[in-house]
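[1] this is the structure alone, sequence omitted:
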């Protein structure tokens, strides 16, 4: 322990163990301004987006400063009758400008200085599953008005204090899908449905400090799929050029604006947007949209408008990405966990994971995960989990879905009673792959599992990263080593 109350890691990085005055000030939020959010976000083709949300469209978009030069931001989207009608639900102005990801030092929007990407990020923050869960069932509705029950503002501000070079979110920002049940007074008055008030309450307001702390690589979760929160996702966070058809998810029967919807028997091309690559020094991040993936097994019934099954579509999307990254190390960033562990058993073995993704991996690289992938980073499970396999043909699995939403096996406002389904009990146990009909078994070498709120920090070292996962008090959920060449994720006890 250093004299300034900071734990010094062997890698030379530092992790605050107590909240500083800056963090406490950040929790209160800034004074209200016309620009309510600003951030830098990775997009396809080695570009980033300078983005801002203006709360009064009449003000128009602000002008950013990039390396001291003015860069005007433009409105995201065109003014059509449909877009104007939708303005009722998103009465803000989303602004952006696309610039090269590399060769810049800093940007400024609305008086806030923003980091630009660096070629070799030394510190990466991982977070996921951050919104406040509100459903019609009182047992699964969070007390969103209680910052201890919905701690995203604290988590995001604490994570931002680590001064990352890159922030990766593994999806599920939007959770307030229905009005607060009368039996849960802790979320009374909470906004609901896919509109600006809900997205602001679930993500943009509590995560304000994290948004501005470093360039963001954002995954799409199943809560942002076309029958749930797609309108907010495509308007506000999707990294591709605005497309009104994407916002309305043409190919389904979209529900009325601001109301929940129902999936049809086929998916639109906007249900599974193409993967793209983010360069992050020694690794490439493969940003994969698994929002509609069927975790129970390969979905061969649902068809795209082109007649492909979902596994066929995923395979066509990923094969060229893996081929282009041949010889490099990559993190596969996906919302739904490819190889998480669940209590249920299959063929006498522990099992879990996304059956569709497993089948696609096997179709591309039989008996394993395609070679560029050294680590799978995901959420969907509302907990932290680190799984390592004895069989190195299978990449280790990291789950970081503990950013703010109701934790696994926690019922509403009741005390968190999650019992880890892991630790030494799973060591050396067989693991069955639900996505493959022949269900081969691989062996779990180690498994660390914690259902406590927090976030994960990766600090770059030779041939990998030191991983530190923290809870709200700054205590370790896990301390691990990610080795790229060895394809391993080891968390010593």
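    Now that the structure is in, tell me what you want to look at. Given the structure is predicted, the values throughout are model-derived calculations rather than measurements.
[2] which residues touch stretch 192-205?
    29, 36-37, 53, 89-92, 130-132, 134, 144, 152-153, 173-180, 190-191, 211, 228-232, 236, 257-260 (CB atoms under 8 Å, 6 or more residues apart in numbering). From N, CA and C alone the C-beta is placed, and that goes for glycine too.
[3] which of the residues you listed are buried?
    Among the contacts of stretch 192-205, those classed as buried by neighbour count (16 or more other CB atoms under 10 Å) are 36-37, 53, 89-90, 92, 130-132, 134, 144, 152-153, 173-177, 179-180, 190-191, 211, 228-232, 236, 257-258.
[4] in helices, which of the residues you listed appear?
    Of those, the ones assigned to helices by DSSP state H are 152, 153, 211, 230, 231, 232.
[5] what pairs with the spatially closest residue to residue 98 that is not a sequence neighbour across the strands?
    Once flanking residues are discounted, residue 98 sits nearest to residue 47: 5.2 Å by CB to CB, 6 or more residues apart in numbering. Residues in a beta bridge with residue 47, per DSSP bridges, are residue 43, residue 100.
[6] switch to numbering from 17
    Renumbered: residue one is now 17, and that last one reads residue 63.
[7] how much space separates residue 63 from residue 256?
    Distance, residue 63 to residue 256, by CB to CB, to the nearest Å: 11 Å.
[8] before we move on, what about residue 483?
    Taken as CB to CB, the span from residue 483 to residue 256 is 30 Å.
[9] picking up where we left off before, look at the residue nearest to residue 114 and report its pLDDT.
    In this model, residue 63 is scored at 98, pLDDT.
[10] contacts only, for it.
    Counting by CB under 8 Å, 6+ apart, residue 63 has contacts 114, 115, 116, 117.
[11] go again with 10 Å.
    By CB atoms under 10 Å, 6 or more residues apart in numbering, residue 63 lies in contact with 57, 114, 115, 116, 117, 118, 255, 292.
[12] what do you get for residue 139?
    With CB under 10 Å, 6+ apart, residue 139 has these contacts: 27, 29-30, 178-183, 230, 473-476, 481.
[13] ok, now with 7 Å
    Neighbouring residues of residue 139 by CB atoms under 7 Å, 6 or more residues apart in numbering: 29, 178, 180, 181, 473, 475.
[14] correct me, but the fourth one touches residue 232?
    Pointing back at residue 181 there. No: contact criterion CB atoms under 7 Å: residue 181 and residue 232 do not qualify, at 11.4 Å.
[15] which of those two has more neighbours?
    residue 232 (25 against 20; other CB atoms under 10 Å).
[16] of the contacts of residue 139, which belong to strands?
    473, 475 (DSSP state E).
[17] in a markdown table: the contacts of residue 139, plus pLDDT.
    Listed next are these as a markdown table, based on pLDDT from 0 to 100:
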| residue | pLDDT |
| --- | --- |
| 29 | 42 |
| 178 | 98 |
| 180 | 98 |
| 181 | 98 |
| 473 | 98 |
| 475 | 98 |
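[18] return a ChimeraX selection command for the buried portion of the contacts of residue 139.
    Buried members of the contacts of residue 139, defined by 16+ other CB under 10 Å, are picked up in ChimeraX with:
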select :29,178,180,181,473,475
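[19] which stretches of this protein have low pLDDT?
    For the chain, residues meeting the criterion pLDDT under 70 lie at 17-49, 94-104, 266-282, 358-366, 425-440, 453-456.
[20] by contact count, what packs against the longest helix seen in it?
    In the chain, with assignment by DSSP H, the single longest helix is helix 326-340. With contacts taken as 3 or more CB pairs under 7 Å, 6 or more residues apart in numbering; DSSP states H and E, helix 326-340 sits against helix 371-380.
[21] next, the angle from the helix it packs on to helix 326-340.
    Helix 371-380 and helix 326-340 are oriented at 50 degrees to each other (axes from the mean of the first three to the mean of the last three CA atoms, to 10 degrees).
[22] after helix 371-380, next one along is what?
    Moving toward the C-terminus from helix 371-380, the next helix or strand (DSSP states H and E) is strand 389-395.
[23] that next one pairs with which strands?
    Applying DSSP bridges, strand 389-395 is found paired with strand 345-352 (parallel), strand 413-416 (parallel).
[24] strand partners (parallel or antiparallel) of the helix or strand immediately after the last one in the chain?
    Scanning forward in sequence from strand 413-416, with DSSP H and E defining helices and strands, the next element found is strand 446-449. Each strand pairing with strand 446-449, determined using DSSP bridges, is listed with its direction: strand 365-368 (parallel), strand 457-466 (antiparallel).
[25] out of those, nearest to residue 80?
    strand 457-466 (39.4 Å; CB to CB).
[26] got the contact list for residue 113?
    Residue 113 makes contact with 66, 80, 87, 88, 89, 90, according to CB under 7 Å, 6+ apart.
[27] the first one: neighbouring residues, count only.
    Translated: residue 66. Per other CB under 10 Å, the neighbour tally for residue 66 reads 25.
[28] do the second one as well
    Using other CB under 10 Å, residue 80 is surrounded by 24 other residues.
[29] turn the strands paired with strand 389-395 into TSV, including distance to residue 382 and mean neighbour count.
    Shown next, in TSV, are the strands paired with strand 389-395 (distance: least, CB to CB, whole Å; neighbours: other CB atoms under 10 Å):
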stretch	distance to residue 382	mean neighbour count
strand 345-352	17	26
strand 413-416	19	27
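[30] export those to a markdown table and append columns for distance to residue 334.
    Output for these, formatted as a markdown table (distance: least, CB to CB, whole Å):
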| stretch | distance to residue 334 |
| --- | --- |
| strand 345-352 | 9 |
| strand 413-416 | 17 |
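[31] which stretch among these comes nearest residue 336?
    Nearest to residue 336, of those and by CB to CB, is strand 345-352 at 13.5 Å.
[32] which one of residue 483 and residue 256 is surrounded by more residues?
    When residue 483 and residue 256 are compared for neighbours, residue 483 comes out ahead with 22 against 13, by other CB under 10 Å.
[33] which strands and helices sit next to the helix or strand harbouring the more buried one?
    For residue 483, the host element (DSSP H and E) is strand 480-487. In terms of contacts (3+ CB pairs under 7 Å, 6+ apart), strand 480-487 is packed against strand 470-477, strand 492-499.
[34] now stretch 300-309: how far from the chain's centre is it?
    10 Å (CA atoms, centre = their mean, to the nearest Å).
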